[in-house]
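> this is the structure alone, sequence omitted:
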């Protein structure tokens with residue numbers, strides 16, 4: 001099965017005020033869950049805002065992302081498949 005790219009919106013109140021040490025611990029928790037699911041799901045990176053994170057993942061499907069959410073304890077409030085990537089180099 002081909003992997004797809006997803007953006008996962010996680011509603012986590014006050015996440016933006018979380019210390020760097022606690023965010024590092026959260027990354028470790030996520031990595032532990034990912035190790036159990038490899039190679040079905042891979043975390044690329046996340047954006048942290050005041051009350052949400054927006055995480056970019058590669059996965060074989062939404063079920064793998066939901067499994068990661070369950071194992072890690074982090075909510076997957078909205079899962080959106082990315083159809084294409086548009087950036088400044090997309091202009092021809």
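All right, it came through fine. Nothing here was measured: the structure is a model prediction, and the numbers come from that model. Residues are numbered from 1 along each chain as shown.

> what bridges to the residue nearest in space to the middle of the chain?
Geometric centre of the chain, nearest residue: residue 55, 3.1 Å, by C-alpha atoms, centre = their mean. Residue 55 has these beta-bridge partners by DSSP bridges: residue 8, residue 46.

> contacting residues for it?
Going by C-beta atoms under 8 Å, 6 or more residues apart in numbering, residue 55 touches 7, 8, 10, 43, 45, 46, 47. Yep, even glycine has a C-beta here, placed from its N, CA and C like the rest.

> also residue 11?
51, 52, 75, 77.

> now do the buried residues in the longest helix anywhere in the chain.
Longest helix in the chain by number of residues (criterion: DSSP state H): helix 20-37. Counting neighbours by 16 or more other C-beta atoms under 10 Å, one finds that the buried residues in helix 20-37 are 26, 30, 33, 34, 37.

> kindly reformat the residues you listed as a markdown table containing pLDDT and distance to residue 67.
A markdown table is the format used below for the buried residues of helix 20-37 (pLDDT from 0 to 100; distance: C-beta to C-beta, whole Å):
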| residue | pLDDT | distance to residue 67 |
| --- | --- | --- |
| 26 | 96 | 18 |
| 30 | 97 | 13 |
| 33 | 97 | 8 |
| 34 | 97 | 10 |
| 37 | 97 | 6 |
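
> which of these lies closest to residue 65?
residue 37 (9.3 Å; C-beta to C-beta).

> so who does that closest one touch?
Counted by C-beta under 8 Å, 6+ apart, residue 37 has contacts 64, 67, 68, 71.
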